[in-house]
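Undergrad: A structural model of the following input is requested.
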Amino acid sequence: MTLNQLRYFRVLAKTEHYTKAADALAISQPSLSRAIALLEEELGVLLFTRRGRNVVLTDAGRTFLRYVEAGLDTLEAGTAVMRDLRTGAERVSIGSITPVVNTYLPKMLADFRTDAGSKACFDIRVDQTERLLAGLKAGMYDMVFCSYQPGENSLHFTPVVELPFVVAMRRDDPLAGSAFLTPDQLAGRPMVFTDSPAYSDLLHRLLGEYGIRPEIRGFSNEDSVLLSMVQAGLGLFISTDHPQMYSPDTVLVPLKQERYRRYVYMVTRPGLAASTAAAQLICYNQNRAIPERGRQPRADGGADEI
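TA: Here you go, the predicted model:
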C-alpha cells in the first residue's frame, strides 16, 4: 500500500468517476484503475461498486475512507508544519462548523493578526461538531469552533458568537412573505434536517417546546444538499443565517423564539501544548467571549436556564 494509492482512492471517492479522478490526479485512467485494483487486492475487500457510468463506495469503502482522510489530513498537516519551520511562520490548526467559517471566523482571524501583530498561518478544516471534538482530543486541532456538546467535561467551551435561526423555504411557499415566523407556525410542515446529532437534538428540543414533532423527509451533512431538498419541495429547513444558505430559489425567514439560542463555542483542551500563536489566539477569543442567554441542553437531557 502506497501513499499514492491512498490519495488516488480519496479522489476517486470524491469524484465517483474514473476519468474525472484520473484528470484531477494528472494520471492515465488505466494507471488509476490498476492502483485501485491493487489496493482492493491488498485489503481483501471491494472498495467501489459500479452504478451506471459512475462508481460508488461500498460499505467497506466508506469505512476505509474515514481512516484514509484522517491519515492523509494528519500527514498533510505535518508536512505543512515542517514547511512553516523552514519559513519561520507559526501554523494554527483550527476546526470549524460551516456557519462559522463563513461568518465569524475569517474576520476574527484577520482582526487577531492586526491586533496581536501575529504572523500566524491558519489551517482551517470544516466538519461536524462530533468529529471536530474527536479531532481536538486526538491532537489534530489547536482549537475548534462548534456547537455545545453535553458531557464533554474534559474540554473547555467559550461562547463566542450567537447564530440566529432562519427557516429556508421555496419562494412560492405561503409563508415566504412573512417578516418572521414563530415555531407554532411550523406545525404540520414537513422538514429536512442536518444529520449533525448536536444540532438536530437542539431543533427537536426547540420544536418540542411547542408540541411539534416534525415529519422529517430528508437528512444531509451538506447545507447545499438540504437547500436542494427545500427547492424540490421536500420540506422546510431550519438553519442559521450564513452566506452558503443564499439561493435565488430560496427565501430565508427569521425564526423568532426566546427559549433556545444557538451559540458557537471556541473549544479547547486544557493542558494541550499549544504554539505561541495558538495560545495567543485562544486568549484573544476568551477575551471576546459573549454572555449566554436562553436555554442550554444538559447532559442528562434537560435544559438549564442561562
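Undergrad: Just give the nearest non-adjacent residue to residue 194, would you?
TA: Ranked by CB to CB, 6 or more residues apart in numbering and with sequence neighbours excluded, the top spatial neighbour of residue 194 is residue 200, at 6.2 Å. To be clear about C-beta, it is placed using only N, CA and C from the backbone, and glycine gets the same treatment.
Undergrad: and whichever strand or helix holds the one you found, which residues are buried?
TA: If you go by DSSP states H and E, residue 200 is part of helix 197-208. Neighbour counts over helix 197-208 (16 or more other CB atoms under 10 Å) mark 198-199, 202-203, 205-207 as buried.
Undergrad: again, but for stretch 153-162
TA: 155, 157-162.
Undergrad: neighbouring contacts of stretch 127-142?
TA: Contacts with stretch 127-142, where a contact means CB atoms under 8 Å, 6 or more residues apart in numbering, come from 70, 73-74, 77, 92-97, 125, 143-144, 146-147, 149, 152, 154-155, 195-199, 221, 267-269, 272, 274-275, 278, 281-282.
Undergrad: first to last residue in it, what's the distance?
TA: Terminal residues of stretch 127-142 are spaced 15 Å apart (CA to CA, to the nearest Å).
Undergrad: swap in stretch 229-237?
TA: Stretch 229-237 has an end-to-end distance of 9 Å (CA to CA).
Undergrad: what comes into contact with it?
TA: Here stretch 229-237 has contacts from 167-170, 173, 186, 189-193, 215-218, 220, 226-227, 247, 249-250, using CB under 8 Å, 6+ apart.
Undergrad: again with stretch 280-287
TA: Counting by CB under 8 Å, 6+ apart, 92, 108-109, 112, 115-116, 118, 120, 142-143, 158, 160, 266, 268, 274 sit against stretch 280-287.
Undergrad: can you pick the most crowded of these?
TA: In terms of neighbours by other CB atoms under 10 Å, these top out with residue 266 at 26 neighbours.
Undergrad: On the three-state scheme, it is what?
TA: In terms of secondary structure, residue 266 is strand; the call rests on DSSP: H, G, I helix; E, B strand; the rest coil.
Undergrad: Return the residues in contact with it.
TA: 143-145, 157-158, 160, 282, 285-286.
Undergrad: which phi and psi does the residue located most distally from the centre of the chain have?
TA: Residue farthest from the centre of the chain, counting by CA atoms, centre = their mean, is residue 30 at 34.7 Å. Here is the backbone geometry of residue 30 (degrees, to the nearest 10): phi -60, psi -40.
Undergrad: just to revisit the earlier point, dump the buried residues of helix 197-208 to CSV, plus distance to residue 240 and pLDDT.
TA: Below are the buried residues of helix 197-208 laid out as CSV (distance: CB to CB, whole Å; pLDDT from 0 to 100):
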residue, distance to residue 240, pLDDT
198, 13, 74
199, 9, 79
202, 11, 83
203, 11, 87
205, 16, 87
206, 12, 88
207, 16, 90
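Undergrad: neighbours of residue 224, just the number please.
TA: Neighbours of residue 224 under the rule other CB under 10 Å: 11.
Undergrad: For it, what is the enclosing helix or strand?
TA: helix 223-231.
Undergrad: Buried ones in that helix, by neighbour count?
TA: Residues of helix 223-231 classed as buried by neighbour count (16+ other CB under 10 Å): 223, 226-231.
Undergrad: picking that back up, in strands only, show me the contacts of stretch 229-237.
TA: 167-170, 191-193, 216-218, 220, 250 (DSSP state E).
Undergrad: Grab the most central residue of the protein for me.
TA: Mean-position check on the chain, CA atoms, centre = their mean. Result residue 127 at 3.0 Å.
Undergrad: quick one: which of the buried residues of stretch 153-162 sit in strands?
TA: Among the buried residues of stretch 153-162, the residues falling in strands (DSSP E) are 157-162.
Undergrad: Quick one: which of the residues you listed has the lowest pLDDT value?
TA: In terms of pLDDT, residue 162 ranks lowest among these, with 87.
Undergrad: all strands for this protein, in order.
TA: 48-51, 54-57, 91-96, 121-126, 143-146, 156-163, 165-170, 191-194, 216-220, 237-240, 250-254, 262-268, 295-297, 303-305.
Undergrad: Point out the most buried one among those strands.
TA: strand 143-146 (a mean of 26; mean count of other CB atoms under 10 Å).
Undergrad: Convert it to PDB, retaining C-alpha atoms only.
TA: This file holds the C-alpha atoms of strand 143-146, laid out as PDB (Å, rounded to 0.1, in the frame of the first residue of the first chain):
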ATOM      1  CA  MET A 143      -9.000  24.700  18.800                       C
ATOM      2  CA  VAL A 144     -12.300  24.100  17.200                       C
ATOM      3  CA  PHE A 145     -15.400  26.300  16.700                       C
ATOM      4  CA  CYS A 146     -18.600  24.300  17.000                       C
END
